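**Student:** here are the coordinates; sequence isn't available:
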């Protein structure tokens, strides 16, 4: 284990964030769904004049489809507005805390003007942890604290 590396100090850029996929707020939901399928992505950032104003994820898509909503309406009607974001200099710990607090699987990384520069996912963080702390990860027991109902086991 490399003691010089810590989630408290390592910047989010080290966890392999990917290029953001973005659309304008007036983009039709139907077209966003086609774009997500064509690019094999689970999210699209909604930007007005380059500034992040919302996010639309597969969870949003399921909600829209379950409600039989108008697929020709603008994405801004069904997106999640003002998403939680990370700054370019934020530490991985900040990302983990923000994701864990609200159950997010991906967070946009924005510059000081609110323009998305990349997108961090839980998978990126997990890969970073496994890469830097393999012995700690690979040596975990299958069940950390098994419940024993009887002295000899379950």
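**Tutor:** Done, it's in. These numbers were taken from a predicted model, which means no experiment stands behind them.

**Student:** so how far is residue 11 from residue 21?
**Tutor:** Noted for residue 21: a distance of 22 Å to residue 11, by CB to CB, to the nearest Å. (Glycine included, C-beta is placed from N, CA and C.)

**Student:** please read the previous query as pertaining to residue 140.
**Tutor:** According to CB to CB, residue 140 stands 26 Å off from residue 11.

**Student:** swap in residue 41?
**Tutor:** 24 Å.

**Student:** and stretch 107-118, how far out from the chain middle?
**Tutor:** For stretch 107-118, the distance from its own C-alpha centre to the chain's C-alpha centre is 13 Å (CA atoms, centre = their mean, to the nearest Å).

**Student:** so how far is the first residue of it from its last?
**Tutor:** Terminal residues of stretch 107-118 are spaced 9 Å apart (CA to CA, to the nearest Å).

**Student:** buried ones in that stretch?
**Tutor:** Buried residues in stretch 107-118, counted by 16 or more other CB atoms under 10 Å: 107-110, 116, 118.

**Student:** tell me which of those fall in strands.
**Tutor:** 107-110, 116, 118 (DSSP state E).

**Student:** now whichever strand or helix holds residue 93: average pLDDT?
**Tutor:** Using DSSP states H and E, the element containing residue 93 is helix 92-102. Mean pLDDT, helix 92-102: 94.

**Student:** check stretch 114-121 too.
**Tutor:** In this model, stretch 114-121 carries a mean pLDDT of 97.

**Student:** show me where pLDDT drops low in the protein?
**Tutor:** Applying pLDDT under 70 to the chain picks out residues 1-4, 143-146, 148, 151-154.

**Student:** of the buried residues of stretch 107-118, which is the nearest to residue 49?
**Tutor:** Closest approach to residue 49 among these (CB to CB): residue 116, at 12.4 Å.
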